[in-house]
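> Following is a predicted model, sequence given first.
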Amino acid sequence: DECGVCNGSGPLENFDCDGNCLLTEDECGVCGGNNSQCADVELSFRNVDPDCRGCLEVHMKNTEPVAGFEISFTGLSGLSLIGSAGGGSAAAAGFNASVGGGNDTNPLYTVIAFSLSGATIDPGDDVLLNLSFNPSENIELICFDYTIPYSNLSSTVFSDSEGAPLTLTVTGIDGELLTD
């Protein structure tokens, strides 16, 4: 083929033989896209600092208002919120937040947050929550957990003001896209 692969099918449409996009990437990072495949919510960890008694920020970039969320974490222990409702845009919107789970039989921690008054977090790109964890943990193991065992349900969910789920993209520390 044109890429020099015996019996190959050539490059993917809109890409060269080295996998480079030949068109403009849209805001969602799709080669030749039209911004229709962007997620409503993108989560990442930022400013992970084991020296500050194990502090980390959960960062959210959202294109739709968020009325509530449930985020599950694995790979750490002693998880707690820093400040009222964990600070960030959740606290600014008046959300009530709590942390549960995380014991010897269930290492999964879950943060649930919502507003009793019906307030939402406006679209934006900001810190959602500030969390602390046991600073002896290996920060490379901290993950968003978004599957419930033995089901096809997600344990990390964001919803709009009518309770409908928002689409979610999960990235790693400092926005590095997770591939598995």
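Good, I have the coordinates.

> quick one: buried residues of stretch 96-105?
97, 99, 102 (16 or more other CB atoms under 10 Å). (Each C-beta comes from the backbone N, C-alpha and C, glycine too.)

> that's a helix at the second one, yeah?
No. Assigned with DSSP: H, G, I helix; E, B strand; the rest coil, V99 falls outside any helix and is strand.

> Redo the buried residues of stretch 96-105 as a markdown table? Include distance to N130 and pLDDT.
Below are those laid out as a markdown table (distance: CB to CB, whole Å; pLDDT from 0 to 100):
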| residue | distance to N130 | pLDDT |
| --- | --- | --- |
| A97 | 11 | 88 |
| V99 | 12 | 83 |
| G102 | 17 | 70 |
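
> Give the residue spans of the protein that score low on pLDDT.
36, 49-54, 76-85, 103-107, 134-141, 146-154, 172-180 (pLDDT under 70).

> Report the distance from stretch 89-108 to the chain centre.
Relative to its chain's centre, stretch 89-108 lies at 15 Å (CA atoms, centre = their mean, to the nearest Å).

> Check the separation of the first and last residues in it.
Stretch 89-108 has an end-to-end distance of 23 Å (CA to CA, to the nearest Å).

> Residues in a beta bridge with the most centrally placed residue in the chain, which ones?
The chain has L43 as the residue nearest its centroid, 2.3 Å off, counting by CA atoms, centre = their mean. With DSSP bridges as the criterion, L43 is bridged to M60, V170.

> which residues touch stretch 15-28?
2-4, 10-12, 14, 31-39 (CB atoms under 8 Å, 6 or more residues apart in numbering).

> out of those, who's nearest L129?
Checking the contacts of stretch 15-28 against L129 with CB to CB, the nearest one is A39 at 18.3 Å.

> how about the nearest residue to the closest one once chain neighbours are set aside, what does it touch?
Spatial nearest neighbour of A39, excluding adjacent residues (CB to CB, 6 or more residues apart in numbering): T169 at 3.9 Å. By CB under 8 Å, 6+ apart, the contact list for T169 reads 39, 41-43, 177.

> who are the neighbours in contact with the residue nearest to the centre of the chain?
Contacts of L43 by CB under 8 Å, 6+ apart are 58-60, 71, 128, 144, 156, 168-171.

> Can you tell me which of those has the most neighbours?
Neighbour tally across the contacts of L43 (other CB atoms under 10 Å): the maximum, 32 neighbours, falls on L128.

> What separation do you get for that residue and A91?
To A91, L128 is 10 Å away according to CB to CB, to the nearest Å.

> and what of G118?
Counting by CB to CB, the gap from G118 to A91 is 16 Å.
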